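Novice: here is my input; please provide its structure:
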Amino acid sequence: MRLKYIKLVGFKSFVDATKVPFPHQMTCVVGPNGCGKSNVIDAVRWVLGESSAKNLRGDAMTDVIFNGSTARKPVSQASVELVFDNSAGRMQGEYANYAEISVKRLVTRDGRSDYFLNGSKCRRRDITDLFLGTGLGPRSYAIIEQGMISRLIESKPQELRVFLEEAAGISKYKERRRETETRMQHTRDNLDRLNDVREELGSQLDKLQRQAAAARRYKELKQQERRYKSELQALRWLATERQAEQLRLQQAEQTTELERWLTEQRGSERGSTELREQTAQSKQQLEQVQHQFYQLGNEVTRLEQQLQHHQLQRQQRQRQQQQLQQELTQLSETLAQDNDQQQVLAAQLLELEPEQALTDEQVVEAQLRFEQHEEAWLAWQDDYQAALNQAQHQLQQQQQLHLQHERQRDQVAKCADAIDANQQQQQQLLAELEHYNLAATDQQRQQLQQQINAAQQQVAALSEQLNVHQQQFEQVEQQCQQQQTQQQQNLGLQSALQQALKQGTHEATTMDVQHWLQQHQCPALGQVQQLLKVEQSWQLALEQLVQPWLGAWVITQPLPEWPLFAGAQVVQLQVKQPPKGSVAALVSGPLQQWSWLHCIAAVDDAAQAQQLLQQNQWLGAINQAGQLWLAGGYQASTMDAAASKLLQQQQLLQVEADLTRLQQQLQDSSLRKQQLQQELKLRHQELDQAKQNLHLYQADLRSIDERFQWQQHQQQQLEQRLQQAKQQHQQLLQQLVTGQQQQQQLAEQCEQATEQLQPLDEQHWLTQRNHLQQQRQHLREALTALQQRQMTQASEVQQLRQQLTHYQQLAQRARQQQQHLQAQLQQLKHPEQDDDTDVEVLALTLEETLAQRELIDEQRRDLANKVHEYEEQLRQLTSGVQGVQAKIEQARMRVQSTQMELAAVQERSRSILAVLADLQQSLKPILEGLAEDANETEWQSKLERIQQAISRLGAINLAAIEEAETLAERKQYLDQQNDDLAASLATLEGAIRTIDKETRQRFKATYDAVNHGLQELFPKVFGGGNAYLELTDDDLLETGVTIMARPPGKKNSTIHLLSGGEKALTALSLVFAIFRLNPAPFCLLDEVDAPLDDANVGRFCRLVEEMSQSVQFIYISHNKVAMEMASHLAGVTMQEPGVSRLVAVDIEQAVALTEA
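Specialist: Residues are numbered from 1 along each chain as shown. Now for the predicted structure:
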């Protein structure tokens, strides 16, 4: 493989696209000093991956981009492309079949650097890997530049070893070994982490297994609890059945007693009927008189309010007149002030307008003067530029005097680069020391300890929250039990009321009627007992009136026929308003339109009933006590409040509402119970996670402690290397001082040559420029001041005009408002005379109305006394009835209480069956399997002991069984991962041993071959003497390499005692010995023959010619003998300052170029 050509675009001084061909095995690049020859070497080093700007003689990577010259602008990017001929197939890997390989690098001003391989974008590492083992690289032995010969021969043992490794082709193995060691370290870290996780999982698994055992015990106890609960419910069901039988017998006895007291009550009530009728008539007369009295009182109140209203209106008009008069006075004063202000503004405006016109003329004159001076300033600039160009032309003629100074400066820069590299090494070591900062690691330990403390506090807090949630769950569970008990009681009461409402009705007949109505498409509104709504005082009376119809269905549409089967009851409503005084007027809802209620009058006593019946308008009359008078008879009240269907219906509705509320509360409590169960499970999981995090933090703390000890050891080694670098830095500083002194001498010579030039008369041109600039500045300031004054005057005039317009508008609005207020004042003076006449008429009417009300009040008091006498007599007659009524109420309450107790017992029986259904148990199998000696007390005791055993288990994680199985599977998986990682680590260690063995063998063979080649080449180069290589250590993997050379006739003890030419020849001998073993595709030499005399140059040329049979040489030289040796010459010139170009030359032209 050989280099065909290099293509440079925008790289350093090669601004134009330049193609440097290498058609032969030996190519010499010639040209004068400073023309850019070494830039070709820098281009090759750069495209092969050089990342240090100092090694490219720059401060930043963007310094390789052409930065412009006196005649050219800077460019935005630079690129270099190397094209190799691989027809021999030396390149290995995927590119072995390519006949031509292109490597390109491109950099832009923004610092972006891209690599391309055969036109495809790639990484820098891809380029480096491509040339590993071939001897090519940014700092390999194939590229030897100025000053590198001496550095090579004086390099450290480890640095010299790098050249042998590259020649042996083991550099790529070392790179792979380093990557393998990195992966091994990561694997070990993963193993440590995995072991910590496995240990943590093991402890968690032990804990979960204990929890799983407790969960299994919990399930066994819950199964026993379920069995005893079922049997206990069965025992309670037997007890409730026996209690229900006793209550049925007791209910029959209480019903007989109630009937006896009701018969006695009916006889006592007949005596008080006549007295109630007389009382009712007197109350009716009293109500009529009271109605007249209240009407006169309302009339008196109305007249007094009208008088008061007229007085308030008069006072309000007087206040409005005073307020309007004050506003007119203030408005007149404001109008006068606005007129004065308008006169002042008009006077100021007349003064400012002439001044503004004068300023405008001055601005035009100042602008004209400034433009004339601008033309003079441009003419001076043209003259100065012409004189400056002439001085620059003279200066370019003296540039050749600075070439020697530039060369010495390059040498000083290289020494400075070495110092920078040393400083960079020190900084790198310091950075590594900072990387191993023990304080940071100790801070991590403290932070981790704080995390551990926080995790411990979190575990304690979560445990406390778990206890609180457990208590809340127990409270909600107890609340659910209480609500269930209350629900069972209400269900018993509901059942008793429903049975009481069903007594006396045929449910089958009722359903038949409803079905018949649906078939005839006549929907029913409901039953009478459901729709009858009346005031509580009339409830018993109305229920007695419609007693036979309570179960009837209410419809609104007419029927084509009536249901004729037995027990059928239907009520049809009519769209008709109820008559005044009928019982229908007391009813609310659709039953107001029931014609039967329209025919019955609502009365207070018997007298009113008789009077109404005589009018033949009513079929009957009824009072609040339930006494019913018909046209041909009378019926006393037979209704009992305890047996009232309507009251029972209302009570049933209340009980159902309570049941609905309890059901909602029970659902809420059950939902809350489920939420608390979920929260308990979540708190358990959070507590387990917090404990797991705590164990992980503790494991991390142990790992950090181990890393802290390792960092201490690494820090000590780095401090030793830093001390060595500081000593080397002192030596480089001494070399830099010597080079700077030589550079200073050359700089003084350049200054003397520069003084002989005729300088440009800068003072003359500077004086003219300052004078013109001062005039220009004065004119600009005057123009600016006039323009500013012009703007100020215009702003003042505009402001005065706006203020004048504003005050004119204010005056106009004030005059309009003044006219409006005068009109309002005139309107308020007219209504006063009309008000005086109205007040006199109202006063007379009030006196007459007061006299009428006093007469009616006397009649009202007489009638009230009469009613009071009748009521007192009625109370005396009723006192005997009340005793019997009290006994009836007591008997009825006992019957109702027994009924409710019986219903409650029956409901408890049903609730027991519901509980068994919830437990998924049947009553019959439980009773069959129940022990003969079983009793409720003993079974309750056993159940409590089981519940206590469950309580002693504490918080149970029912998911622990499944979690333990899952965690066991995960631990088994991690154990397998651990085995796999251990096997992988063993495999990597075996690979390391194989790489080490191969590396030792190759390095030893290469060392012996290069040492033999050096011993063979050195006498040829020097005409005698000897040289050899020596290892610094027995470990072939880490040993350094030193070189020892003794020219003919010398017995020096170290290589550093040789002269510059001897060092150069020794280094060349070593390089060519390496090339013999592993020849790189090409070898770049940059003026390596500079320190050699003619005799040694001849030896150097013969050696190069001999090596060129297998290696392509590209070298830069000023020596004629070296030029003659080349098969092809490439000339570099800089005819245009700052721009390098490639020219074709022959040997005579090359000699002329070097001597120029």
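Novice: which stretches of the stretch 901-1050 of the chain form helices?
Specialist: 923-929, 936-952, 960-1022 (DSSP state H, counting those that start in this stretch).
Novice: same check, this time on the stretch 51-200 of the chain
Specialist: So, for the stretch 51-200 of the chain - with DSSP H, counting those that start in this stretch - the helices run 124-131, 148-153, 157-168, 171-269.
Novice: check which residues of stretch 718-736 are buried.
Specialist: For stretch 718-736, the buried set under the neighbour-count rule, 16 or more other CB atoms under 10 Å, comprises 718, 722, 725, 732, 736. For glycine as for every other residue, the C-beta is placed from the backbone atoms N, C-alpha and C.
Novice: who does L1031 bridge with?
Specialist: Here L1031 sits in beta bridges with V1041, going by DSSP bridges.
Novice: wait, it touches V1041, no?
Specialist: Yes - using CB atoms under 8 Å, L1031 is in contact with V1041, at 6.4 Å.
Novice: what sits in contact with each of those two?
Specialist: Y1007 (CB atoms under 8 Å, 6 or more residues apart in numbering).
Novice: gap between stretch 591-599 and the chain center?
Specialist: Relative to its chain's centre, stretch 591-599 lies at 71 Å (CA atoms, centre = their mean, to the nearest Å).
Novice: tell me the mean pLDDT over that stretch?
Specialist: Stretch 591-599 carries an average pLDDT of 72.
Novice: which residues touch that stretch?
Specialist: In contact with stretch 591-599 (CB under 8 Å, 6+ apart) are residues 528, 531-533, 545-546, 549, 554, 571, 573-576, 578-579, 582-585, 587, 618-620.
Novice: tell me the buried residues within the residues you listed.
Specialist: For those, buried by 16+ other CB under 10 Å: 528, 531-533, 545-546, 549, 554, 571, 573, 578, 582-585, 587, 618, 620.
Novice: for the protein, which residue occupies the most central location?
Specialist: E686 (22.6 Å; CA atoms, centre = their mean).
Novice: check the gap between it and Q465 for me.
Specialist: E686 is 8 Å from Q465, where distance means CB to CB, to the nearest Å.
Novice: so, low pLDDT: which residues of the stretch 1-150 of the chain?
Specialist: 92-93, 133, 135, 138-139, 146-147, 149-150 (pLDDT under 70).
Novice: for my notes, confirm L676 occurs in a strand.
Specialist: No - with DSSP: H, G, I helix; E, B strand; the rest coil as the criterion, L676 is helix rather than part of a strand.
Novice: what about it, how many residues close to it?
Specialist: The burial count assigned to L676 is 19, neighbours taken as other CB atoms under 10 Å.
Novice: I'd say the residue nearest to the centre of the chain and A461 touch.
Specialist: No - using CB under 8 Å, E686 and A461 do not qualify as a contacting pair, with a distance of 9.9 Å.
Novice: returning to what we had before: mind listing what the residue nearest to the centre of the chain touches?
Specialist: L462.
Novice: what about it, is that helix, strand or coil?
Specialist: Strictly by three-state DSSP, E686 counts as helix.
Novice: related to what we said a few turns ago, quick one, which of L1031 and V1041 is more surrounded?
Specialist: V1041 (24 against 17).
Novice: tell me how far the more buried one lies from N1052.
Specialist: 19 Å.
Novice: same question for Y870.
Specialist: 158 Å.
Novice: and these two? which has more neighbours close in?
Specialist: Per other CB under 10 Å, whichever of Y870 and N1052 has more neighbours is Y870, with 19 against 13.
Novice: among the buried residues of stretch 718-736, which are located in helices?
Specialist: 718, 722, 725, 732, 736 (DSSP state H).
Novice: between the residues you listed, which sits nearest Q611?
Specialist: L718 (127.5 Å; CB to CB).
Novice: how much space between the closest one and Q320?
Specialist: The spacing between L718 and Q320, counted by CB to CB, is 100 Å.
Novice: contacts only, for R90.
Specialist: 1, 134, 1081.
Novice: ugh, typo on my part, it should be Q808
Specialist: Q342.
Novice: now Q25
Specialist: 2, 1108-1109, 1111-1113, 1127.
Novice: ramachandran angles for it?
Specialist: Phi and psi for Q25, reported as degrees, to the nearest 10, are phi -70, psi -20.
Novice: what distance do you get for it to A1126?
Specialist: Distance from Q25 to A1126, by CB to CB: 10 Å.
Novice: which helices and strands does the helix ranked longest in the chain pack with?
Specialist: Counting residues, the longest helix in the chain under DSSP H turns out to be helix 273-396. Applying 3 or more CB pairs under 8 Å, 6 or more residues apart in numbering; DSSP states H and E, we find helix 273-396 packed against helix 606-613, helix 762-827, helix 832-918.
Novice: low pLDDT regions in the stretch 851-1000 of the chain?
Specialist: 874, 877-885.
Novice: M900 reaches L493, doesn't it?
Specialist: Yes - counting by CB under 8 Å, L493 is a contact partner of M900 at 5.6 Å.
Novice: about what we covered before: how far does the longest helix of the chain sit from its chain's centre?
Specialist: Distance, centroid of helix 273-396 to centroid of chain: 49 Å (CA atoms, centre = their mean).
Novice: can you mark which positions in stretch 1043-1057 are buried?
Specialist: So stretch 1043-1057, judged by 16+ other CB under 10 Å, has buried residues 1043, 1045-1047, 1055.
Novice: out of those, which is nearest to A601?
Specialist: I1043 (143.3 Å).
Novice: contacting residues for that closest one?
Specialist: 153, 160, 1014, 1027-1030, 1055, 1066, 1070.
Novice: I995: what's it in contact with?
Specialist: I995 neighbours (CB under 8 Å, 6+ apart): 173, 176-177, 180.
Novice: farthest-apart pair in those residues, please.
Specialist: Going by CB to CB, the pair spanning these furthest: Y173 and T180, at 10.0 Å.
Novice: who has more neighbours, the two?
Specialist: Each of Y173 and T180 has its neighbours counted (other CB under 10 Å); Y173 has more, 21 against 16.
Novice: let me see the backbone angles for A1130.
Specialist: phi -120, psi 120.
Novice: picking that back up, pick the most buried one from the helices and strands packed on helix 273-396.
Specialist: For the helices and strands packed on helix 273-396, average neighbour numbers computed from mean count of other CB atoms under 10 Å are highest in helix 606-613, which has a mean of 19.
Novice: next, the angle helix 273-396 makes with it.
Specialist: 90 degrees (axes from the mean of the first three to the mean of the last three CA atoms, to 10 degrees).
Novice: what helices or strands is the helix or strand following helix 606-613 leaning on?
Specialist: The helix or strand immediately downstream of helix 606-613 is strand 620-622, counting by DSSP states H and E. With contacts taken as 3+ CB pairs under 8 Å, 6+ apart, strand 620-622 sits against helix 539-545, strand 600-602, helix 606-613, strand 628-630.
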